[in-house]
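Q: Sequence first, then the predicted structure, then my questions.
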Amino acid sequence: MLYPIAIFPGDEQHAWGVEVPDIPGCFSAGDDLDEAMASAREAIEGHLEILAEDGAPIPVASKVTFHAANPDYAGCTWAVIDIDVIKYLGKAEKLNITLPGHLLNRIDEYVKNHPDQKSRSGFLAKAALKALEHA
C-alpha cells in the first residue's frame, strides 16, 4: 500500500519532520530529506505492528491529492512509502479455492515474471486488498 507522507522542511536548528496523514499519531523526523524518508518507513511499520498486535484495523492509504488539498500541509513536500501490509493482517490461514485453469495459469505466469509477487497466495491477497480498498 502506498502511504503518502507529508515532509516539513528542516533548517539549521530543526530536523525535517514527517507526518503520515492516514495513520493518526504516526510521525518521524530526520536530519535531512533522505533520513526523514527512511525514518518514515520505520515509523509506519512500527505503528502498523502495534495496530496488528492490538487487533486494530490497518488504515487504508488515501491519495496524495486528497491530503495535499488540506491547508495544514501547505508547503510540504510529498512522497509515498510502499508498505506491504499483508503481514499486519493476521496469521495466514489455509484456504481451498477453485479457479478456472486459464486464469490460474495467467496468475502463475505473472508471479513468475514479477519477483515482488512472492507467491500465488501473495498475489491473490494483494489483489483482494486492492479491490477492498476501492469498495
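A: Noted; the coordinates are in hand.
Q: neighbours of the residue nearest to residue 33 when sequence neighbours are not counted, just the number please.
A: On the basis of C-beta to C-beta, 6 or more residues apart in numbering, the spatially nearest residue to residue 33 that is not a chain neighbour turns out to be residue 16, at 5.8 Å. Every residue, glycine included, has its C-beta placed from N, CA and C. Other residues near residue 16 number 22, with proximity taken as other C-beta atoms under 10 Å.
Q: tell me the phi and psi of residue 16?
A: Main-chain dihedrals, residue 16, degrees, to the nearest 10: phi -70, psi 130.
Q: ok, now which ones touch it?
A: 7-10, 29-33, 35-36 (C-beta atoms under 8 Å, 6 or more residues apart in numbering).
Q: now, which of these lie within helices?
A: Counted as lying in helices by DSSP state H, out of these, are 33, 35-36.
Q: Pull out the buried members of the residues you listed.
A: 35-36 (16 or more other C-beta atoms under 10 Å).
Q: Out of the ones in helices among the contacts of residue 16, show me where the pLDDT dips lowest.
A: When these are compared on pLDDT, residue 33 comes out least confident, at 88.
Q: In this structure that residue contacts residue 7, no?
A: Yes: taking contact to mean C-beta atoms under 8 Å, the distance of 6.8 Å between residue 33 and residue 7 places them in contact.
Q: and for these two, which residues touch both?
A: Taking C-beta under 8 Å, 6+ apart as the contact rule, residue 33 and residue 7 both touch 16, 77.
Q: Show me the helices in this structure, by range?
A: Counting by DSSP H, the helices of the chain are 33-53, 64-68, 101-113, 120-133.
Q: Make JSON lines from those and add distance to residue 95 to it.
A: Conversion of the helices of the chain to JSON lines gives the following (distance: least, C-beta to C-beta, whole Å):
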{"stretch": "helix 33-53", "distance to residue 95": "20"}
{"stretch": "helix 64-68", "distance to residue 95": "33"}
{"stretch": "helix 101-113", "distance to residue 95": "14"}
{"stretch": "helix 120-133", "distance to residue 95": "8"}
